[in-house]
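Peer 1: Got a predicted model here, sequence first, then my questions.
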Protein chains: 2
Amino acid sequence: MIDEDVLAGHQQELRRGTVVMAALATLETPGYGYGLLAVLEHSGLSVDANTLYPLLRRLERQGLLEAEWDTTESRPRKMYKTSDSGRALLKRLESEWNALAGSLNNLRTTDPRKALKELP
Amino acid sequence: MIDEDVLAGHQQELRRGTVVMAALATLETPGYGYGLLAVLEHSGLSVDANTLYPLLRRLERQGLLEAEWDTTESRPRKMYKTSDSGRALLKRLESEWNALAGSLNNLRTTDPRKALKELP
DNA sequence: ACACGATACTGTGTCAGACACACTATTGTC
DNA sequence: GACAATAGTGTGTCTGACACAGTATCGTGT
């Protein structure tokens, strides 16, 4: 039996970085927080609103997203779009992701300790 | 230009959950902390010692690893091995990982906002 | 006419995990 | 005998996830 709380914790740890990638990728075409929430939910990457909003502000503060209040309609929306830095970071994160996938796969298919001893 | 500190932060966020998977997978054949450190380093998944040791204790506390002091040699080593729960959790995390990869790929190849509007 | 849920956010607090730093103790090497 | 490598523990600090509470607007039903 698996402790569901423990599982949930580790699953969330796994998701952590991916939400940033998803946000940067999605906001290459501008959008706002609440809408992004629905997009991510629909694509199977469910994020808590209380997690996403602070995340967006942080990405803005880091210069990875550009933000601007859209007040043309009565309900104000904070529009975000991925900046050049954001796009650059996304690329780096994607290659990091691929590297991680490779490392994990490597660990599963070969005996890592054996490989260590057989170093040149 | 990318802020290297920001990049390092997000890369670490990405790595977070994967170290748990790597540990559970590697320790299906028993091993100890310091050795695991070298194995992970060698397979491209570098982890800080100050991160790995507490992680191993936490996984032990959660019943995902079984631990036992090996005092047959003069230098004592804490031997860890993946428990049944650990193996079960690893499987769940691997399918979660694959799901995340699918979601991310989905976001990149299709226009997610368009897909949202075209729901049945 | 107005209650209620959905939309769209901000702000404050709590808790867990990553890492820095400091420490103990042994083994091998120069 | 100094010093790096091995193999760990313990005690901070800081950041991010999420809970909870609050603000304000819009749409729908009754």
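Peer 2: All right, it came through fine.
Peer 1: Spit out the contact partners of residue A:83.
Peer 2: Listed by Cβ atoms under 8 Å, 6 or more residues apart in numbering or on different chains, the contact partners of residue A:83 are A:63-66. Just so you know, the C-beta spots here come from the backbone N, C-alpha and C atoms, and that holds for glycine as well.
Peer 1: Which one (most neighbours) among the residues you listed?
Peer 2: Using other Cβ atoms under 10 Å in any protein chain shown as the neighbour criterion, residue A:64 leads those with 27 neighbours.
Peer 1: measure it to chain B for me?
Peer 2: 7 Å (Cβ to the nearest Cβ, to the nearest Å).
Peer 1: Leaving out chain neighbours, which residue sits closest to that residue?
Peer 2: Take residue A:64 and drop its neighbours on the chain: the residue closest to it by Cβ to Cβ, 6 or more residues apart in numbering or on different chains is residue A:86, 3.8 Å away.
Peer 1: quick one, what contacts the one you found?
Peer 2: When contacts are counted by Cβ under 8 Å, 6+ apart, residue A:86 touches A:24, A:27, A:59, A:63-65.
Peer 1: same deal with residue A:62?
Peer 2: Counting by Cβ under 8 Å, 6+ apart, residue A:62 has contacts A:85, B:3, B:6.
Peer 1: neighbours around the second one, how many?
Peer 2: A count of nearby residues for residue B:3, using other Cβ under 10 Å, gives 13.
Peer 1: Quick check: it vs residue A:94, distance?
Peer 2: 18 Å (Cβ to Cβ, to the nearest Å).
Peer 1: Need the mean per-residue confidence for the helix or strand hosting residue A:8.
Peer 2: Applying DSSP states H and E as the criterion places residue A:8 in helix A:4-26. In this model, helix A:4-26 has an average pLDDT of 93.
Peer 1: who does that helix touch, helix- and strand-wise?
Peer 2: Using 3 or more Cβ pairs under 8 Å, 6 or more residues apart in numbering or on different chains; DSSP states H and E, the elements in contact with helix A:4-26 are helix A:33-42, helix A:49-61, helix A:84-109, helix B:4-26, helix B:84-109.
Peer 1: could I get these as JSON lines with distance to DNA strand D?
Peer 2: Formatted as JSON lines, those follow (distance: least, Cβ to the nearest atom of the strand, whole Å):
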{"stretch": "helix A:33-42", "distance to DNA strand D": "10"}
{"stretch": "helix A:49-61", "distance to DNA strand D": "3"}
{"stretch": "helix A:84-109", "distance to DNA strand D": "13"}
{"stretch": "helix B:4-26", "distance to DNA strand D": "5"}
{"stretch": "helix B:84-109", "distance to DNA strand D": "13"}
